[in-house]
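Q: Turn this into a model:
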Amino acid sequence: MSNDLFNKALSNFAVDFAAGDAVRAFTDKGYSAKEIHDKLDFPIPVERIRKIMWEHLLDTNVILLSEPGNESARKRVNYEKVQDKYGHTSFKQVIIDDESSDAEYAAIDFGKRLYKDREAFIKKLEELSESDREYVLDLPWPLETVWHAKNERIKRILITINKGD
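A: Numbering: from 1, shown residues only. Below is the predicted model of the structure:
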């Protein structure tokens, strides 16, 4: 049991070390999991890429699991580069209380829509560009409402899929 746990932790570390930063950078640029997978030299499963993407969107407050304005929604994760006295470089996770954040958020219920009537929701997604459609389908949307920062992509997606509702 503990050997399996160690192997899983080692695997996660290796994947994150080899490709984690690249996946996060490509996510920030708007790439889908499939596009990221095609760009990487390191063999990493698409499911792992999706997980890294989701965690990154949560860490950077692009997606919030709780309603904007509450205490936990203002927290943002950042990583600082530090060196020890021997010159070894590492990264330290720092939680920042972002009181000045005036980002607007849209309530997103993609998880509920996919669970309720997957075929009908996917039919609505067909009107989106391939990149926007993959963005919606790539992420593991929970069954609860989440809040997504109102960027150009999510505005485009919401306008398209809410037509006729």
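Q: What residues are bridge-paired with the closest residue to residue 64 other than its chain neighbours?
A: Closest residue in space to residue 64, ignoring its immediate chain neighbours: residue 147 at 4.3 Å, by C-beta to C-beta, 6 or more residues apart in numbering. C-beta: built from backbone N, CA, C; applies to glycine. Going by DSSP bridges, residue 147 is paired in beta bridges with residue 64, residue 107.
Q: roughly how far apart are residue 147 and residue 161?
A: 17 Å (C-beta to C-beta, to the nearest Å).
Q: gap between the spatially most central residue of the chain and residue 7?
A: The centre of the chain sits closest to residue 54, judged by C-alpha atoms, centre = their mean, with a distance of 2.5 Å. Residue 54 sits at a distance of 23 Å from residue 7 (criterion: C-beta to C-beta).
Q: Which parts of the chain are helices?
A: 2-15, 21-28, 33-39, 46-59, 110-116, 118-125, 130-138, 152-161 (DSSP state H).
Q: So which bits of the fifth one are buried?
A: It refers to helix 110-116. Across helix 110-116, burial judged by 16 or more other C-beta atoms under 10 Å covers 110-111, 113-114.
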